[in-house]
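*Asks:* coordinates only, no sequence provided:
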């Protein structure tokens with residue numbers, strides 16, 4: 001006796017689970033991304049010594065919580081105004097920045113961004 005087999009019927013695929021997976025992936029990538037704005041910091045290599053007249057030098061000590069300008073504690077937001085008020089000639093100032101071991105790189109970038117507002121200012125970050 002012959003047996004008649006009918007071909008297997010395929011069920012319809014549910015799109016609900018696919019939509020759930022896509023939503024979970026979207027949520028994952030949104031939560032793991034960073035939305036911070038990256039800033040540029042201009043760096044230049046040290047050159048050879050020259051015989052040109054030197055600029056007035058200011059020393060900035062950078063810590064995790066404190067900024068000191070020539071040994072006096074200052075606020076990070078006011079340091080640009082204090083440097084502008086220092087006596088200078090037409091060549092401007094040379095600011096030597098010495099970050100201590102606990103200072104973060106973000107703190108250094110914040111300081112350089114504030115100092116960028118001052119005209120005729122050259123900054124040198126000491127190791």
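*Replies:* Cool, the structure landed. All values derive from a computational prediction rather than experimental measurement. Residues are numbered from 1 along each chain as shown.
*Asks:* any idea how far the helix of greatest length in the chain is from the middle of the chain?
*Replies:* When the chain is parsed with DSSP state H, its longest helix is helix 16-32. The chain centroid and the centroid of helix 16-32 are separated by 30 Å, computed with CA atoms, centre = their mean, to the nearest Å.
*Asks:* buried residues in that helix?
*Replies:* The neighbour-count check on helix 16-32 (16 or more other CB atoms under 10 Å) flags nothing as buried. Every residue, glycine included, has its C-beta placed from N, CA and C.
*Asks:* partner strands of the helix or strand following that helix and their direction?
*Replies:* Sequence order places strand 56-62 as the next helix or strand after helix 16-32, per DSSP states H and E. Here strand 56-62 is paired, per DSSP bridges, with strand 67-69 (antiparallel), strand 93-99 (parallel).
*Asks:* following the last one, which helix or strand comes up?
*Replies:* If you walk from strand 93-99 toward the C-terminus, the next helix or strand you reach (DSSP H and E) is helix 105-115.
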